[in-house]
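give me a 3D structure for the following:
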Amino acid sequence: MKKLLSFAAPLLLLVASSVSAQLVVEVTSGNDKPIKIAVVPFDQQNLSERTDVASVVESDLVRSGQFVATDRDSMLSKPISVQEVAYRDWRLMSVDYLVLGRINEQGGQFAITYELVDVSAQRVHDRGITSIPGAELRDLAHWVSDRVYEKLTGFKGAFGTNIAFVKEKNVGGEPLYQLIKADADGAREHVIYESRAPLMSPSWSPDASQIAYVSFESGRPRIMKHDLTTNNREQLTNFKGLNSSPAWSPKGDKMAMVLSRDGNPEIYLLDLTTRQFTRMTRHYAIDTEPTWTHDGEYIIFTSNRSSKPQIYQVHVETGVVERLTFEGEYNARPRATLDGKGLVFVHQRDSVFHIAVQDIASGRIFVLTKTSLDESPTVSPNGRTVMYATKRGDQGILAAVSVDGGVKINLPASDGDVREPAWAPYVD
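Now for the predicted structure:
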């Protein structure tokens, strides 16, 4: 903690700033039997925005590891509607599905029509049209990707969601910390806040309109709440000692956090309406890193009350504590899977820190990553992908792995170290 406090420096506020250097997606392994798809260039002539929608859709689908795409330069034809499809050409290229589309613009608003064509059956497998008020072409591309992904895998897509993370850069010989919001693929980086003092532990509200985080700008940790619509910041805690690990409840009315206001790090609940605190754990050991189950009935946390860090849960209503992990000497930073059947966490094996998933019913642990120094896992809102922080050489990068371990990607930044990812929920 003293090391972090030494970085405290004058605050720099950068409201709603854009960043030119973004994460770069590198797919390092994928599904053994991917779906062969061809995303044909969309008809998008004479538009005020020049984003290549088909390219974004292709990148989304390939990044999932479930698809392999046909290079557009090798396409024998480039239809924009099903009536123009020469099925024999695509069968010769062993393509399973075609994605076709066209975009119109009227009054500065875009409308997109897309078709998913089954080459073998020679029919339209899915068709859709949408016009999202205020949407950019990249938003429409993610909409298409989500539709295709769900139709062909049976799982809801998460390409249109956002992530938040912390980036550290060297500016003028001193560290500069940025809290950044971006698309799930790392595009459209957007600085929410920046400071010469460390920023940590971003946590999304259930409606993705706010982010809570820890800031050291005053010389000690404080939990802040940042409204992404108004850019208003509000201090939630400033007690002596620890103020850390904010975690919004599924309903958004409460926030779990770690406070040492009573002398020992414990899990507390803050009622965001009444601003009343409720202490949830009482133990001489360190209780930290709270997260919620998706039904809001339990708070899962890390504790060394068994001498080594292990994962526990406390029932919000009764206060009953139960241990969840038993395999290995170190299990920490838990996150529940969407279906409530699994836990994702940092697991130490052979003196190396990996990301692992545990089936809660059986207690079996499956290690997802083979890299070292893996930390800070966050689960996609569809429960299919885990994003985490790791190291590549001396650089801190983000990486992602599917929950079955079959698909792996890296998202390195070109201008700094990135860490502490937080995946935003779906927004209606």
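
give the contact list for the residue lying farthest from the centre of the chain.
The centre of the chain is farthest from one residue, Arg88, which by CA atoms, centre = their mean lies 40.2 Å away. Residues in contact with Arg88 (CB atoms under 8 Å, 6 or more residues apart in numbering): none are found. Any C-beta I mention is one placed from the backbone N, CA and C, and that applies to glycine too.

surely it is in a helix?
Yes. Using DSSP: H, G, I helix; E, B strand; the rest coil, the secondary structure at Arg88 is a helix.

strands of the stretch 251-400 of the chain, start to end?
254-259, 266-271, 277-279, 287-292, 298-303, 310-315, 321-323, 331-336, 342-349, 352-359, 365-367, 375-379, 385-392, 395-402 (DSSP state E, counting those that start in this stretch).

which strands and helices lie in contact with the fifth one?
Yep, that's strand 298-303 we're talking about. Strand 298-303 sits against strand 266-271, strand 287-292, strand 310-315, strand 331-336, with contacts defined as 3 or more CB pairs under 8 Å, 6 or more residues apart in numbering; DSSP states H and E.

out of those strands, which is closest to Gly101?
Distance to Gly101, taken as CB to CB, is lowest for strand 331-336 among these, at 35.1 Å.

only the buried residues of the longest helix seen in the chain, if you could.
Counting by DSSP state H, the longest helix found in the chain is helix 137-153. For helix 137-153, a neighbour-count test (16 or more other CB atoms under 10 Å) marks 137-149, 152-153 as buried.

how about those, which pair is most distant?
Pairwise over the buried residues of helix 137-153, using CB to CB, the maximum falls at Leu137 and Thr153, 24.1 Å.

the domain parsing of this structure - what is it?
For the chain, automatic domain parsing gives the domain ranges 35-153, 162-423.

can I get the ones you listed in CSV with mean pLDDT?
Shown next, in CSV, are the domains of the chain (pLDDT from 0 to 100):
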stretch, mean pLDDT
domain 35-153, 94
domain 162-423, 94
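
which residues of the stretch 101-250 of the chain fall in strands?
Counting by DSSP E, counting those that start in this stretch, the stretch 101-250 of the chain has strands at residues 109-118, 123-130, 162-171, 174-183, 190-195, 199-204, 210-215, 222-227, 233-237, 243-248.

would you list those in CSV and tack on distance to Gly406 and mean neighbour count?
Output for the strands of the stretch 101-250 of the chain, formatted as CSV (distance: least, CB to CB, whole Å; neighbours: other CB atoms under 10 Å):
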stretch, distance to Gly406, mean neighbour count
strand 109-118, 23, 20
strand 123-130, 24, 14
strand 162-171, 21, 20
strand 174-183, 23, 21
strand 190-195, 31, 20
strand 199-204, 27, 23
strand 210-215, 31, 23
strand 222-227, 36, 20
strand 233-237, 40, 15
strand 243-248, 29, 24
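
just put the strands of the stretch 251-400 of the chain in CSV and tack on mean neighbour count and distance to His190.
CSV is the format used below for these (neighbours: other CB atoms under 10 Å; distance: least, CB to CB, whole Å):
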stretch, mean neighbour count, distance to His190
strand 254-259, 24, 23
strand 266-271, 21, 27
strand 277-279, 14, 32
strand 287-292, 24, 25
strand 298-303, 24, 30
strand 310-315, 21, 33
strand 321-323, 14, 39
strand 331-336, 23, 24
strand 342-349, 22, 26
strand 352-359, 21, 26
strand 365-367, 16, 34
strand 375-379, 23, 18
strand 385-392, 21, 17
strand 395-402, 22, 16
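
mind listing what Arg282 touches?
By CB under 8 Å, 6+ apart, the contact set of Arg282 is Glu266.

distance check, it against Gly263.
In this view, Arg282 and Gly263 are 12 Å apart by CB to CB, to the nearest Å.

same deal with Val344?
For Val344, the distance to Gly263 equals 31 Å [CB to CB].

what does Arg279 give?
12 Å.

cool, and Val171?
From Val171 to Gly263 the distance is 38 Å (CB to CB).

kindly report the same for Leu137.
On the measure of CB to CB, Leu137 and Gly263 end up 55 Å apart.

again with Ile223
In terms of CB to CB, Ile223 sits 19 Å off from Gly263.
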